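Asks: 3D model of this:
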Amino acid sequence: MTGINTDPGSVEPNDELGAEERAAIFAAANTRVDRIAAFRTGRVPIPPKALAWTAAAILFFGVGGIVSDHYFPNFSNATTSTSIVKSTLSTTTTTGAAPANTINSLQAFMGLKFINTASATNFSLTTQSGRSWNLASQKGKAVVLTFYNSTCNDICPVLGAEIKQASQLLGQYSSRVEFVVVNTNPRRTRVTKNSAALQLPGIAKLPSLTFLTGSLSQLNSVWSSYGILVKVGAKENQVSHNNALYFIGPNGNLEAFSKPFAKKNSSGVFSLDSTTLHRYAEGIAATTDSLFQ
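Replies: Here you go, the predicted model:
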């Protein structure tokens, strides 16, 4: 249910997973909300069938290999914790205390959920410079972990730009933050500093950015561990996957989860307006800063 699916007819070119597929993989982590509306109005729309859908999805898919069951065992308690959200807003507001509806709207806007004390699954891959990289060795740092294609034909242009802005918005702990992207293209596993995934979003020279790749078996292990379902079709550009972003604290624990999002046009190109993109980048930076508090 996670990892790679090689059914030739399973995807259309550059087609991201549907809402139901994403919700099934992250059943306990995500309620389906209108983030843009929440951002504008300060309200958090909670679908009346959200809890029923979550329960049904968990029962249907069981516990084996599902990231929501592994990482969100205390989900009901995690969602009541607002310390990270409050800290998040304190770094993005200039004066005064953040009102409760603003806190809620940011959380809804980012699709931000809290994981509490689940330990991040360790893995070892290779950086864009050809060096070995190990998650366990990053303790003491905050790691923002996400996933997109080495060919940058998915959410890469948007998420890469958000990472770039977030790195510039970090506070006093910026030197202790690592942004990590894992390659999701099983057909293009070779990555260098000149790869499209780094060049197109303008993050090739970002010192805090590490782009990781490896053998297909290595990548598939990481995808499975973090709930990433990669689908490939018969043609070279037929690769799709669900989107996920994790916040890993200095102690090596998974602290929070967010759902990156973007719009896709008829040509399969992903984009997001500058205001919304910047707002998400602010959320990444502030949530990351809060991991040290």
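Asks: gap between I163 and A262?
Replies: Taking CB to CB, to the nearest Å as the measure, I163 and A262 are separated by 13 Å. Quick note: C-beta positions are derived from backbone N, CA and C, even for glycine.
Asks: tell me which of the two has more neighbours.
Replies: Ranked by neighbour count (other CB atoms under 10 Å), I163 and A262 place I163 first, with 25 against 21.
Asks: doesn't the more buried one belong to a helix?
Replies: Yes - I163 sits within a helix when classified using DSSP: H, G, I helix; E, B strand; the rest coil.
Asks: between the two ends of stretch 131-142, how far is it?
Replies: 20 Å (CA to CA, to the nearest Å).
Asks: average model confidence for that stretch?
Replies: What stretch 131-142 shows for mean pLDDT is 96.
Asks: residues touching that stretch, excluding its own?
Replies: With contact meaning CB atoms under 8 Å, 6 or more residues apart in numbering, stretch 131-142 is reached by 120-127, 143, 173, 176-178, 180, 210, 212, 247-252, 288, 291-292.
Asks: could you pull out the strands for the stretch 51-200 of the chain?
Replies: Along the stretch 51-200 of the chain, counting by DSSP state E, counting those that start in this stretch, strands occupy 113-114, 124-127, 132-134, 142-148, 177-183.
Asks: flag every buried residue along the third one.
Replies: The neighbour-count check on strand 132-134 (16 or more other CB atoms under 10 Å) flags W133 as buried.
Asks: that one: partners in the sheet, and parallel or antiparallel?
Replies: Under the criterion DSSP bridges, strand 132-134 sits next to strand 124-127 (antiparallel) in its sheet.
Asks: give me the mean pLDDT for the strand it pairs with.
Replies: Strand 124-127 carries an average pLDDT of 98.
Asks: what's the answer for stretch 171-183, then?
Replies: Averaging pLDDT along stretch 171-183 gives 95.
Asks: ends of it, what's the gap?
Replies: Taking CA to CA, stretch 171-183 runs 28 Å from one end to the other.
Asks: nearest to G283, of the strands of the stretch 51-200 of the chain?
Replies: strand 142-148 (11.2 Å; CB to CB).
Asks: now stretch 197-206: average pLDDT?
Replies: Regarding stretch 197-206, the rounded mean pLDDT is 96.
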